[in-house]
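Undergrad: Below are the sequence and a predicted model for it; my questions follow.
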Amino acid sequence: MTVPWGSSQGGRFVEGASGFIRLAAGARWRLAWGVGLACAASMAGFGLLFLSGWLLAGAAVAGLAGQGAARAFNIMLPATGVRFFAMVRILARYMERVVAHDGALRLTGRLRARVYAALVPRAPAGLTDLRGGDLLGRFVSDTDKVAAYYTDVALPFARALLCGVVFVGVFACVLRPAALVLAVGLLAGGVLVPCLIGAATDRLVRVGAEKQSHIQAELAQTLQNLGEYLLLDAAHGRAVGWTDAQSTVDGARWRLDALEGAARSLITMLAFVTALAVLVLAANACRAGQVSVAQIPMLVLGVLAAFDVVAPLPLARQAAAGARLAGARLAKVCAPHRGVVEALPPHLPHAPYDLVLQNINFAYPQTVSPVLRNASLTIRQGEHVGLVGPSGMGKSSLINLLFGFYAPQSGSIAFGGVDVGLLRAEDMAAFVSVVAQDFHLFAGTLRDNLLLGAPSATDAELEDVLKTAQLTQFIQSLPEGLQTWVGNDGLRLSGGQARRVAVAQALLRKTPWLVLDEPTEGLEAPLEQALMAALVRRCANTTLVCMTHRAAVLPFMHRVVRVEDARFCPEGRAT
Amino acid sequence: MARGWLLGSVVAGGVSAVLLVCQFILLAHVVDDLAFHGCTPESEVRVFALILACLAGQVGARFASDMMGTQAGLRGASHVRGQLLAHLFAAGPVACAGVPAGEVVTTFTEGAEALVPYFARYMPSAAMMVVLPLLILGVVAGVDGWSFLVLACTGPLVPVFMAFVGYGAQAIMDRRWRQLSLLGGSFLDALRGMKTLRLLGRAQGSLERITHLADAHRRTTLSVMKVAFLTSAVLEFFSSLSIALVAVVFGTRLLAGTADFRSAFLVLLLAPEYFMPLRTFSASYHARQNVRAALDNMGAVFALPALAQHHGGQAVPGPGGAGSLSCQALGVRSPDGLPVLHDVSCDFSRNRLTVLTGASGAGKTTLLYALLGFVSPSAGRLEAYDVFGQTMPLENVRMAWVPQQPVMIFGTVAQNLRLGAPDADAEQLRNAAAQADALDFINALPNGFDTHMGERGSRLSGGQVRRLALARALLRNPAVLVLDEPTAGLDTASALRVANAIRQCATGRIVVVATHRQAMATQADVLLHVADGTVVVRPICKETVA
C-alpha cells in the first residue's frame, strides 16, 4: 500500500502566489494559452479603436484636401484592418473565456484532490467543527476561491502587464513623449493604484472574514441550543449581538466596495488625464511636424483603449486578498498531520481477532464529561454482543477508538494481539466492517454505493446480502432497481431503508468483525425481527457487535454489555 | 428603505451617463479644434477645464451610484437575515433539528450575502441598460443620421440575439441541471462521506474518484459555459461590428466631404459606451444565478413549520403563578408526521417533583418538548391552572428548561448566570447559586463569580455545569422547571448532589425531570413511566427504574 498523502504535500501548497504556481505546474501551457488569448483580445480591441481613429482623421484630411487627395487615399486597407481587428476581438474573447475557464476548472480539480488527500488522514476527528459551523462547506468554497486565483487575479494582471508593454511600444513608434506619458499613466493605474488600496483591502477582507466566522460560530451554537435560548429570553439578545457583528461585516464590505469604486474612479480619471496630456503633446508635435494631423485622434483613442486592461485591476486585487486568505485557511487544516502513522505497522492483527480494552479513560477533546472512565471490555472472536445504554454515553465512541480516530487519554486497546494505536484506520477496515450512526450514502446509484466497500463482489453475492438486509422486495419495487440514484438530488430513502443499504454494504465486505450502530433504527417490529434473524444466521462465524437501545435486538445476541456511568457493565445473556 | 437607495443609485447612474456624454462631446470638440482648426492647446484651456469638470462629475456620480447600490444591497440582505432569524425562532428547536445547523448557518451568512451583488449591481445595471443607450441614441440622432441608423438597428438586435442564445443556454442548463448540481456537489459529498470511506477502507481508492468527478464536472460545466459564452460573443460581435461599420461608413463620407470630423469622432467615442451597459448587465448574470441558488436555500428554511407555540417568557407577574399543568389525551407527532405519543393524560402539580422514566427513544424528551411548547400537540389538550384551580393561558406560565447539555457561553460565571436575567444583581445571583448547590464551588473558583469559564464551560466539571445551569434557570424564578437527564454522565456522588439540589427546587414550583437514573428517581413525588408511546403513573417505590 502506498500513502498518497505524504508530509511533502501538506503545508504551504495552497498559500500565496508561489504555492499557486506549484499547483498550476501541470496545466502551465493551457494557462499560458489562456493569457495569450486574453492579450490577443485586448490588443485587437486596442487596434480597432486606434485604427478607426486614424481612418476617420485620415479620411477627413484627405476629404478636406480636395478630390485628388481623396482619390489617392486608400480607404480599403484600413477598413479591412478595422474589420480584421473586430473579428479577432470577437473570436479571441470567446476562446479566451473557454480556455481560461477550462484551466480554472482543471486547477479546481487538482486542488480538490490535494485537499482531499490531505484531509483524509484526519477524518473525522479533525473535521468536526466543535462549534457546529459548516466546516466542510467552507473547504469547498475555499478551494474554489483559491482555484479562481487564475481567472480573477493572475489573468488580469498578466494581461495588463503584457498588453501595457505592447501599447507603449506602439505609441513609441508614433511619438516618443506620448509613449512616455502613456507608460506613466498605465503604471500609475496598474501598479500604484492597486498598491495604494492593497493594505487596506487585505485588512478589510480579513476583518470581514473573521467577524463572519464569528457570527457563523455563534449562530451554530445558538441553533444547537435554540430551545434553551428561547426559554431564557436570550435569543433576541443574541440576535442583537449578531446584528452588531453583522454591521461590522457590512461596514467592511461597504468600505471594500468604496475602496474598489474609488480605485476604479481614479483609473478612469487617469485615463482621461493621460488622454488629454497626449492630446496636447500630439497637437504640439503636429505643429512641429513630427506627427500628421490624422495621428492626433488615433493617439487619443489609443490611450482610452489602453486603459481598458488596467480597469479590472482593483477588483483583481480584492480577489487576490480573498484567495490568499482562503489559501491560508486551507494550508492550516492541510498542514502535515502528526497523528498519522507513516510506515506500515510491524505486524497486522492475527487470529483470533479478540478485542481487549483495558482501563480506558476517554473524553472527546474540549468536552466536559468523560465518555469512558476506567472502562474495560473484552469481546472474543465469534461472539455476538449487544451494547446498550442511553444515547450519547459512549457506545459509538467504541468505533472511534477502535479505528484510532481518537486516542484514549489512558489505557490500552488491543485487536488481534496488536495495539490499535499502531494500526491505521485503513488496516483496521480490512478486519472490521462498521455501520456507523452517521453513515453516508454517496450521490450515485444504489449499486455504486453497495459496491463501494467491495468493488469485486459478484451479482450473486449482492443478491445474497440484499436478502439478508431485507431489501430485496424494496429494490424490486423500484423501477430502476439497483440503478436508482440515491444521495442528494436522488431518491429520498427513509432512515430505515438507508441504514439497511449501509448494512448490506458492510456485509458485502465479509470481514471477521461486524459492528452495527442501531441496525434496526426506524424499522417496524416484524422487519426488525426478520433482519436480526437473518443477520445472526449469516454471521454464525462472524463477530457481531450491535449497539442499540432497542430491546428486541438483544435476544439475538450471545450476551449484553451495558454502558453506564462511563463503564462497560456485562449483563450476561439478556432475554 | 432599500428601494430608496436603489432609486438613488439609478438616478446617480443617470447623471453619470449624461456627464459622460457631455465629456465625450467636449473631447470630440477639442480634438477637432486642435487637429483641424489649427487651435493651440493654450487657446482651449477653458474646454480642457470643462472636460475635467465633467470627468470629475461623471466619476463622482458613478461612485455615488455604486455606493448607493451597495447600500441597497446590504440593507436588503440584512432585512432578509432578520426575517430568517425571526422564522428560526418561531420554528423552535424541534423544527430546526430537521435541517443541518451548518446549512442554516451557510444560508444565513453566505446566502444572504449573495443578495448584495444582486441589489448592488444587477438591478442598477438593468436600469442603466435602458437609460444610457437611449441617451446616446438621442445624441447620435442629433449629430448624424446614418450612424443613428446603424446603432438603432444593431442595438435592439443585441437583446434579441442574447435572449435567443440565452434561452438556448438556459435550456441546455436545465437539461443538464441534475448532472451539474450533482457534480458540483460531489466534492462536498466526498468530504461528508470521508468517515464512511475510511471505515470501509476505501479512502485511497476514492482519491481517484474525486479526480474523475472533478474532471466530469469540468467537462459538463464547460459544455454549458460554451453556450453561455456565446451570449457574450453575440454582444461582442454587435459592438465590434457597429464600431467598424461607423468607422468605415464615416470614413467614406469624410472622404467624399459629406460629413465633418467632429461628429465622426464623437460617434466613434460613443459607440463602445452604447454597448457597455449591456456588457455590464450580462456580466452580472452570475449574481442572478447565485441569488437563485440562495433563494432556494432560504426557501428550505422558511418552509420549516412554526412549531414553537409559546415560550413562557412573557410571564405576567400574577399572584401565585401556575398551580398545575394537565395533559388531556395528548398526542404528539414528530415533524415528519410519525406518531410519538398518544393518549397521554397526566397532571404535573406544584410542590411536587415529577420524574419521567422510560427507555431512551420512548418519548420522554418529546413530552418535555410538548410541555415547553416546542411542539404543538396533534391531539388532546395541554392546560394550565393557577393556584386557585382556574384555567390560565399557557403563555403566561413562566417556564425554564435545563437540557442534557446546557449551553455555556464563552465568558464568566456571572455572565452565564445572567444569560436569562440580564438585570439580576449580585445578591440574586448568590441566592440562585445557593439554591442550586452551586455557591460553594463558585466561591472556591479563583475569581468567584468573575471566573472565566473557558470554551463551553471546559474549566468546570459536568456536575458543576449542570448545577450552574440549574441556578441560571432558578434566577428567572420559573413556575415550571423542566430538566432533561440532569444526572447523565455524572459519577454517583455528583449525581446525588444534583438530584438533591433539584429536590430543593420543588417548593412552590412544578418540577418535571426526565431521567434513567436511580439517584434521581428515588427523589420523586410522582413517578411517570413512558413506554409504547404513552404514559402510565407508577407507584412510588425504590425499585422502579427501567
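TA: Looks like it arrived, so ask away.

Undergrad: the strands in the stretch 351-500 of chain A, which residues?
TA: Using DSSP state E, counting those that start in this stretch, the strands assigned to the stretch 351-500 of chain A run over residues A:355-362, A:372-379, A:384-388, A:410-415, A:418-419, A:432-435, A:444-445, A:485-486.

Undergrad: for the ones you listed, which one sits closest to chain B?
TA: Chain B sits nearest to strand A:432-435 of all those, at 4.5 Å, using CB to the nearest CB. Yep, even glycine has a C-beta here, placed from its N, CA and C like the rest.

Undergrad: Mind giving me the packing neighbours of that closest one?
TA: Using 3 or more CB pairs under 8 Å, 6 or more residues apart in numbering or on different chains; DSSP states H and E, the elements in contact with strand A:432-435 are helix A:495-507, strand A:513-517.

Undergrad: one step back: columns distance to residue B:516 and mean pLDDT on top of the strands of the stretch 351-500 of chain A, output as CSV?
TA: Shown next, in CSV, are the strands of the stretch 351-500 of chain A (distance: least, CB to CB, whole Å; pLDDT from 0 to 100):
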stretch, distance to residue B:516, mean pLDDT
strand A:355-362, 21, 91
strand A:372-379, 18, 89
strand A:384-388, 11, 90
strand A:410-415, 26, 92
strand A:418-419, 34, 88
strand A:432-435, 25, 92
strand A:444-445, 40, 84
strand A:485-486, 36, 80
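
Undergrad: Double-check residue A:285 against residue A:291; I have them as touching.
TA: Yes. The criterion here is CB atoms under 8 Å, and residue A:285 meets it with residue A:291 at 4.9 Å.

Undergrad: Quick check: neighbours shared by those two?
TA: The contact sets of residue A:285 and residue A:291 overlap at residue A:175 (CB atoms under 8 Å, 6 or more residues apart in numbering or on different chains).

Undergrad: Grab the most central residue of the chain for me.
TA: Defaulting to chain A. Among the residues of chain A, the one closest to the centroid is residue A:140, at 2.2 Å (CA atoms, centre = their mean).

Undergrad: if you could check chain B rather than the one you did, that'd help
TA: The centre of chain B sits closest to residue B:108, judged by CA atoms, centre = their mean, with a distance of 1.4 Å.

Undergrad: mind checking pLDDT for it?
TA: What the model reports for residue B:108 is a pLDDT of 82.

Undergrad: ok, now the one 5 residues further on?
TA: Looking at residue B:113, its pLDDT is 83.

Undergrad: Quick one: residues contacting it.
TA: Counting by CB under 8 Å, 6+ apart, residue B:113 has contacts residue B:77.

Undergrad: domain parsing for the chain?
TA: No chain specified, so I'll use chain A. Using automatic domain parsing, the domain parsing of chain A gives A:7-333, A:355-572.

Undergrad: try chain B instead
TA: Following automatic domain parsing, one gets these domains for chain B: B:2-302, B:322-538.

Undergrad: so where is chain A shaky, pLDDT-wise?
TA: Low-confidence segments of chain A (pLDDT under 70): A:1-21, A:126-134, A:336-346, A:366-369, A:390-394, A:487-492, A:572-575.

Undergrad: picking up where we left off before, if you compare the helices and strands packed on strand A:432-435, which one is most tucked away?
TA: Among these, ranked by average contacts under mean count of other CB atoms under 10 Å in any protein chain shown, first place goes to strand A:513-517 (a mean of 24).

Undergrad: After it, heading C-terminal, what element do we hit next?
TA: Downstream of strand A:513-517, the first helix or strand assigned by DSSP states H and E is helix A:525-538.

Undergrad: list the buried ones in that following helix?
TA: Buried residues in helix A:525-538, counted by 16 or more other CB atoms under 10 Å in any protein chain shown: A:528-529, A:531-532, A:534-536, A:538.

Undergrad: Does chain B have contacts with that helix?
TA: No. Using CB under 8 Å from any CB of the partner chain, helix A:525-538 stays clear of chain B, with a minimum separation of 11.3 Å.

Undergrad: Say whether chain B is contacted by the helix or strand just after that helix.
TA: Of the helices and strands lying after helix A:525-538 in sequence (DSSP H and E), the nearest is strand A:543-547. No. Strand A:543-547 stays clear of chain B (CB under 8 Å from any CB), getting no nearer than 12.2 Å.

Undergrad: Report all helices and strands that strand A:543-547 contacts.
TA: Applying 3+ CB pairs under 8 Å, 6+ apart, one finds that strand A:543-547 makes contact with strand A:384-388, strand A:513-517.

Undergrad: partners of the last one in the sheet?
TA: When you say that, I think you mean strand A:513-517. With DSSP bridges as the test, strand A:513-517 is paired with strand A:432-435 (parallel), strand A:543-547 (parallel).

Undergrad: For the stretch 151-300 of chain B, which segments count as helices?
TA: B:177-184, B:186-192, B:194-199, B:203-256, B:261-283, B:285-302 (DSSP state H, counting those that start in this stretch).

Undergrad: could you point out where the stretch 201-350 of chain B is predicted with low confidence?
TA: Using pLDDT under 70, the flagged stretches of the stretch 201-350 of chain B are B:283, B:285-286, B:309-320, B:335-336.

Undergrad: same thing with the stretch 351-500 of chain B?
TA: B:360-361, B:454-459, B:489-490.

Undergrad: what's the nearest residue to residue B:141 if we skip its chain neighbours?
TA: The spatially closest residue to residue B:141, leaving aside those adjacent along the chain, is residue B:148, at 4.4 Å (CB to CB, 6 or more residues apart in numbering or on different chains).

Undergrad: show me what contacts that neighbour?
TA: By CB under 8 Å, 6+ apart, residue B:148 lies in contact with B:137, B:140-141.

Undergrad: picking up where we left off before, to residue A:377, which of the domains of chain B lies closest?
TA: domain B:322-538 (18.3 Å; CB to CB).

Undergrad: Pull the distance from that closest one to the chain's centre.
TA: Offset of domain B:322-538 from its chain centre (CA atoms, centre = their mean, to the nearest Å): 31 Å.

Undergrad: Can you get me the start-to-end distance on that domain?
TA: Terminal residues of domain B:322-538 lie 24 Å apart, using CA to CA, to the nearest Å.

Undergrad: dump the residue contacts of the residue in the stretch 351-500 of chain A positioned nearest to chain B.
TA: Using CB to the nearest CB, the closest approach of the stretch 351-500 of chain A to chain B is made by residue A:429 at 2.9 Å. Taking CB under 8 Å, 6+ apart, we find residue A:429 in contact with A:403, A:511, B:198-202.

Undergrad: for chain A, longest helix please?
TA: What stands out as the longest helix in chain A, according to DSSP state H, is helix A:235-287.

Undergrad: Is there proximity between it and chain B?
TA: Yes. Helix A:235-287 is in contact with chain B by CB under 8 Å from any CB, via A:235-237, A:239, A:242-243, A:246-247, A:250, A:253-254, A:257-258, A:261-262, A:265, A:268-269, A:272-273, A:275-276, A:279-280, A:282-284, A:286-287.

Undergrad: Can I get the buried part of the residues you listed as one PyMOL selection?
TA: The buried residues among these can be selected in PyMOL (16+ other CB under 10 Å) with this line:
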select buried, chain A and resi 235+239+242+246+250+253+254+257+261+262+265+268+269+272+273+275+276+279+280+282+283+286
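
Undergrad: Cool, thanks, talk later.
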